[in-house]
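**Student:** here you go, sequence then predicted model.
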Amino acid sequence: MRHAPSQPEPGRPAAAWRPSSGAGERIRALAEQLAPLQVDLIVASAEPKAVATGRGLAACLAVPYTSAPRLHEHERGHVPLLEEHAWHDIVRRSFRHPDVLVFGRETANEARLRFGAALERALARADVERPAVVAHGTVMSLLVAGPNGLDPFELWCSLQMPEAWLLSWPDLALKERITAS
């Protein structure tokens with residue numbers, strides 16, 4: 001799942017941003033959509049927006065919550081807040097040149113590999129049938145686009161906050177997209 005909307009804070013890295021004022025309502029709406037899936041554990045990235053989303057979903061669904069390391073977004077802590085057009089251009093270049101360090105501290109492929117390995121570890125430790133993982137749009141798109149024949153930039157652009165993807169494991173086949181609406 002992608003986390004709920006966050007509040008950009010100029011001068012603070014995106015990894016430290018907190019949920020926006022309407023995030024709780026969006027989390028509850030997504031929980032209603034997820035309830036029929038009988039999720040039995042929520043695992044989240046340690047970033048505040050993912051933690052808040054994960055805890056909120058766990059409370060709504062009455063399931064346990066935990067956090068797992070290395071599920072964080074593409075490492076880009078020193079990248080300043082950019083205008084939307086400039087931001088999309090830099091993300092597009094990163095996706096088109098996944099082995100080139102376009103911005104941040106890791107290439108797109110390094111982020112994909114790190115996130116994929118962390119997801120695998122988190123799911124192996126979960127010891128439940130239907131875990132849900134709260135993470136971030138860039139790494140999710142990088143991981144899921146290839147196995148589904150999708151363009152990662154277009155997938156990233158289409159993501160809502162929050163949004164859940166029902167995937168088969170371990171082949172990452174995208175079965176369904178679930179939104180808060």
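**Tutor:** Ah, there it is.
**Student:** measure stretch 87-104 end to end?
**Tutor:** Across stretch 87-104, the terminal residues are separated by 12 Å (CA to CA, to the nearest Å).
**Student:** in that stretch, what counts as buried?
**Tutor:** Using 16 or more other CB atoms under 10 Å as the burial criterion, the residues of stretch 87-104 that qualify are 91-92, 94-95, 98, 102-104. C-beta here means a position set from N, CA and C on the backbone, and glycine is covered the same way.
**Student:** mean confidence score for that stretch?
**Tutor:** Averaged across stretch 87-104, the pLDDT comes to 97.
**Student:** run through who's touching it.
**Tutor:** Residues from elsewhere that reach stretch 87-104 (CB atoms under 8 Å, 6 or more residues apart in numbering): 74-79, 82, 107-109, 112, 138, 141-142, 151-153, 156-157.
**Student:** show me the residues you listed that map onto strands.
**Tutor:** Using DSSP state E to define strands, no part of these is located there.
**Student:** and the buried ones among these, selectable in PyMOL?
**Tutor:** Selection of buried members from the contacts of stretch 87-104 for PyMOL, criterion 16+ other CB under 10 Å:
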select buried, resi 74+75+76+107+108+112+138+141+142+152+153+156
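**Student:** quick one on the thing from earlier: just the ones of the buried residues of stretch 87-104 in helices?
**Tutor:** Members of the buried residues of stretch 87-104 lying in helices (criterion: DSSP state H): 91-92, 94-95.
**Student:** in a markdown table, list those residues along with distance to Gly22.
**Tutor:** What follows is these, written out as a markdown table (distance: CB to CB, whole Å):
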| residue | distance to Gly22 |
| --- | --- |
| Val91 | 24 |
| Arg92 | 28 |
| Ser94 | 29 |
| Phe95 | 28 |
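**Student:** list the buried ones in stretch 118-128?
**Tutor:** 118-119, 122-123, 126.
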